[in-house]
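any chance you can model this:
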Amino acid sequence: MAKKTINNDDLLANIIKGIEEVKGNDITILDLREIDTAVCDYFVICNGNSNTQVNAIVNSIQKTVSKELKDKPWHVEGTDNAEWVLMDYVNIVVHVFQKHIREYYNIESLWGDAKITTIENKY
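Residues are numbered from 1 along each chain as shown. This is a model prediction of the structure:
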């Protein structure tokens, strides 16, 4: 049976919804589609204030995407220490950081050619 294709816009919207459900901070979308060496279409980056909140964000994203789109990440990595959790939805990769780890790695500057969209917090 062929896997159904999930629309990137729907997946992005549900990932953002999952982040906002548990008050994830500083949500940024990097559009990588114009970059030849990019491994996916989008990065979604956000941060939490503790390892507990980082894991809550990851769980909320998984729950929201599963409920709304019947999809799950291909791979999740980093939940053991929850300083930087990577969620791979193939076309969209989500990075959930603790704030100090996000500042240290500064992924946004590494992908400076990407179109960057910042989502305003609703809380």
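
hey, let's count contacts and neighbours off CA atoms from now on
OK.

show me where the chain has its helices.
Along the chain, the segments classed as helices by DSSP state H run 8-21, 51-69, 99-105, 107-110.

mean pLDDT lowest where, among the ones you listed?
Confidence, taken as mean pLDDT, is least for helix 107-110 of the helices of the chain (a mean of 92).

what are the contacting residues of that helix?
The set of residues that contact helix 107-110 without belonging to it, under CA atoms under 8 Å, 6 or more residues apart in numbering, is Leu30.

that one: which residues count as buried?
If you call a residue buried by 16 or more other CA atoms under 10 Å, then helix 107-110 has these buried ones: Glu108.

so who does the closest residue to Asn47 other than its chain neighbours touch?
Beyond its immediate neighbours in the sequence, the residue positioned closest to Asn47 (CA to CA, 6 or more residues apart in numbering) is Phe97, lying 4.5 Å away. When the contact criterion is CA under 8 Å, 6+ apart, the partners of Phe97 are 45-48, 54, 82-85.

list just the nearest of the residues you listed to Lys23.
Gly48 (8.0 Å; CA to CA).

sorry, back to before: turn the helices of the chain into a markdown table, columns for distance to Thr37.
Written out in a markdown table, the entries for the helices of the chain read as follows (distance: least, CA to CA, whole Å):
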| stretch | distance to Thr37 |
| --- | --- |
| helix 8-21 | 19 |
| helix 51-69 | 27 |
| helix 99-105 | 19 |
| helix 107-110 | 12 |
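
circling back: and which of the contacts of Phe97 is nearest Ala114?
Closest to Ala114, out of all of those and judged by CA to CA, is Ile45, at 13.0 Å.

from memory the closest one sits against Asp31, does it?
No. Counting by CA atoms under 8 Å, Asp31 is not a contact partner of Ile45; they are 11.4 Å apart.

what about these two, which has more around it?
Between Ile45 and Asp31, counted using other CA atoms under 10 Å, the more crowded position is Ile45 (24 against 20).
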